[in-house]
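Asker: sequence plus predicted model, see below.
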Amino acid sequence: MSEAQLFQTATASPGHGATLAQPHTKQALRTVVARDVDQHAHNLTNWEQRYDQLACGAFEGVLDEWQSAGLQIFREGTSRAIRQSCRVWPDAFWFGIEARAGGMRINGRQVGADAVMTRPGGCEFELVTPDRHEIYGIVVQRDALLATAARLGCDVDWGKLVQAELLSVEHEGLDGCRRHIGELLQLAGGMHGVAGNAALQLRQEAVLVSLLALLDGGEIEAGAGASLQRRRRIVNDAREYAMAQHENPVTVPMLCEAVHVSRRTLQYCFEDVLGISPMTYLRSLRLNGVRRALWASDGKHAIGDIAAAWGFANFSQFSCDYKKLFGETPSAAVQGRTRH
């Protein structure tokens, strides 16, 4: 069923808004800007997230978020490539749409141009995003989404959707969904009162109807094959091994022995799943660990001690690597944290 037909059904049905989340009376757009990747990871309401910066340079993250009962719609922009570990609240579905397709991965899989990412609530998943990236997100409470789909006559295989990571959808419908999300966020940032809430209700329904049209007409891509699952497992095992002894940085031969693969296989797995070499990635993880520890210490511990605890014995080389990745020196990071 097309988006236009679904929207006509939604607005023509008696009590058409009953199964859709209703905007709070005083709901407004929430916009947050962060200069630190770890801070940015904590800005999205009711998500469990951990972000690690992978690309060099100063970070800036911008989040525009709008919520009503059982519904969250947001736009997230990040200036630098990051690896994200994410978990949405239970009993919900998350749907992610890139503002512009290009270089993103979900659980190691490349996201195509006309694709919608999806994961159920309470389930951890991994995203890798490139520099200068923007994504739209929709999180819907499960029962409300199922009830709305049933009322509008959408034929969605919910059993398959729970297991899905990617949906192949029609290009025009995907553009329409992007447009509706952008219009809702723009409206939420400028309108208030009863009239504003009524307009937001219509925009909200337009977003959900366009999403359900994509689900109704889209194709759930097949799950990850055995070879990709193996590559994921090798990368995860290598990460866990390295982080379990982060005070003593591992070498490539140590990783190969720990996960029982050749150097070539290890390199291929990391580049295929994360788009980065093993040593570059693991060094970035350790530097991100230092940055989090510096922020948590509030200047109470010496920078050198924290760096040493993360396996950086050469302070001069550590300072150089840190500044290259984050665009500022470790001491500047401490000063910035104490000012906050």
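Answerer: Structure received.

Asker: in the longest helix along the chain, what counts as buried?
Answerer: In terms of residue count, the longest helix belonging to the chain (DSSP state H) is helix 193-217. Buried residues in helix 193-217, counted by 16 or more other Cβ atoms under 10 Å: 196-197, 199-201, 203-217. All C-beta spots, glycine's among them, are computed from the backbone N, C-alpha and C.

Asker: parallel or antiparallel, list what pairs with the helix or strand following it.
Answerer: Later in the chain than helix 193-217, the nearest helix or strand by DSSP states H and E is strand 219-220. Strand 219-220 has its sheet partners listed here by DSSP bridges as strand 166-168 (antiparallel).

Asker: quick one: distance of the strand or helix carrying Gly182 to the chain centre.
Answerer: If you go by DSSP H and E, Gly182 is part of helix 171-188. Helix 171-188 sits 19 Å away from the centroid of its parent chain (Cα atoms, centre = their mean, to the nearest Å).

Asker: counting by contacts, list what that helix packs against.
Answerer: Packing partners of helix 171-188 (3 or more Cβ pairs under 8 Å, 6 or more residues apart in numbering; DSSP states H and E): strand 61-68, strand 71-78, strand 92-98, strand 133-141, helix 193-217.

Asker: which parts of stretch 231-241 are buried?
Answerer: For stretch 231-241, by 16+ other Cβ under 10 Å, it's 231-232, 234-235, 237-239, 241.

Asker: got the contact list for that stretch?
Answerer: The contact list for stretch 231-241 (Cβ atoms under 8 Å, 6 or more residues apart in numbering) reads 107-108, 224, 250, 255, 258-259, 261, 265-266, 268-270, 272-274, 278, 282, 285.

Asker: quick one: buried ones out of these?
Answerer: The buried subset of the contacts of stretch 231-241 - by 16+ other Cβ under 10 Å - is 107-108, 224, 250, 255, 258-259, 261, 266, 269-270, 272-274, 278, 282, 285.

Asker: out of the buried residues of stretch 231-241, who's nearest Ile138?
Answerer: Arg232 (25.6 Å; Cβ to Cβ).

Asker: what's the helix or strand for that closest one?
Answerer: helix 226-244.

Asker: next helix or strand past that helix?
Answerer: Next element after helix 226-244 (DSSP H and E): helix 252-259.

Asker: which strands and helices lie in contact with that next one?
Answerer: If contacts are counted by 3+ Cβ pairs under 8 Å, 6+ apart, helix 252-259 sits against helix 226-244, helix 263-273, helix 278-297.

Asker: can you redo the helices and strands packed on helix 171-188 as CSV with distance to Gly176?
Answerer: Shown next, in CSV, are these (distance: least, Cβ to Cβ, whole Å):
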stretch, distance to Gly176
strand 61-68, 18
strand 71-78, 15
strand 92-98, 11
strand 133-141, 12
helix 193-217, 5
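
Asker: lowest average pLDDT across those?
Answerer: Confidence, taken as mean pLDDT, is least for helix 193-217 of these (a mean of 86).

Asker: that one vs strand 92-98, what angle?
Answerer: Orientation check (axes from the mean of the first three to the mean of the last three Cα atoms, to 10 degrees): helix 193-217 against strand 92-98 gives 80 degrees.

Asker: just for the stretch 1-150 of the chain, where's the confidence low?
Answerer: By pLDDT under 70, the low-scoring segments of the stretch 1-150 of the chain are 1-27.

Asker: my bad, the stretch 201-340 of the chain
Answerer: 299, 336-340.

Asker: alpha carbons only: can I get stretch 129-143 in PDB?
Answerer: Extracted in PDB, the C-alpha atoms of stretch 129-143 (Å, rounded to 0.1, in the frame of the first residue of the first chain):
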ATOM      1  CA  THR A 129      29.900   6.100  10.800                       C
ATOM      2  CA  PRO A 130      32.200   8.200   8.600                       C
ATOM      3  CA  ASP A 131      33.300  11.800   8.900                       C
ATOM      4  CA  ARG A 132      30.600  14.500   8.400                       C
ATOM      5  CA  HIS A 133      27.700  12.100   8.900                       C
ATOM      6  CA  GLU A 134      24.100  12.700   9.600                       C
ATOM      7  CA  ILE A 135      21.400  10.200  10.400                       C
ATOM      8  CA  TYR A 136      17.600  10.300  11.200                       C
ATOM      9  CA  GLY A 137      16.300   8.000  13.800                       C
ATOM     10  CA  ILE A 138      12.800   6.800  14.700                       C
ATOM     11  CA  VAL A 139      12.100   4.800  17.900                       C
ATOM     12  CA  VAL A 140       8.600   3.500  18.300                       C
ATOM     13  CA  GLN A 141       7.000   1.600  21.200                       C
ATOM     14  CA  ARG A 142       6.300  -1.900  19.800                       C
ATOM     15  CA  ASP A 143       2.600  -2.300  20.700                       C
END
